[in-house]
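**Student:** Here is my input; please provide its structure:
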Amino acid sequence: MENPDGAQSRIFIILAISLVGLLIVGLLSIAGLVVYTRFLAPSPTPPVVAVATPTQAVTPTATLPPPAVTPTGEVPTATRVVEPGASPTPGAETPTATPVGGDQIPDTGFGPLEAVVGGIILLVLILVVRRLRLTGQT
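**Tutor:** The predicted structure follows:
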């Protein structure tokens, strides 16, 4: 069921050619990116390794007297004093969160079966809409 002047046919051909051209441009862009990252990218600089040098321990020569306490009505707060050279006590570290199961891809809830079902639904929808559009033209 084509129009006598062929206007819809020309528009379809123009759109199809432009979409194919867009696909080709996208594929060439991906190929260019692969070539650039594999062959033309500058080589990364070697990592710098820090070397620990022994240092001498600094011993304090004089200590300041404690400041004079003035009664202000405030409650003193406890502060932790760390001795120089003292090793930390076990269990005093701040806990850090570590990811569990880092060797697996997280489940996003959209797998290959859902993609196939979605594609089939889309195909049926396209065919139904086309059928309705063609029956409307008489």
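**Student:** which strands and helices sit next to the helix or strand where Val116 lies?
**Tutor:** Per DSSP states H and E: Val116 is located in helix 112-136. On a contact count with 3 or more CB pairs under 8 Å, 6 or more residues apart in numbering; DSSP states H and E, helix 112-136 meets no helix or strand. Just so you know, the C-beta spots here come from the backbone N, C-alpha and C atoms, and that holds for glycine as well.
**Student:** list the buried ones in that helix?
**Tutor:** Of the residues in helix 112-136, none is buried by neighbour count under the rule 16 or more other CB atoms under 10 Å.
**Student:** Give me the pLDDT value at Val117.
**Tutor:** Here the pLDDT value assigned to Val117 is 92.
**Student:** On the three-state scheme, Phe110 is what?
**Tutor:** coil (DSSP: H, G, I helix; E, B strand; the rest coil).
**Student:** remind me, longest helix of the chain?
**Tutor:** helix 7-35 (DSSP state H).
**Student:** what's it packed up against?
**Tutor:** Short answer (3+ CB pairs under 8 Å, 6+ apart): helix 7-35 packs on no helix or strand.
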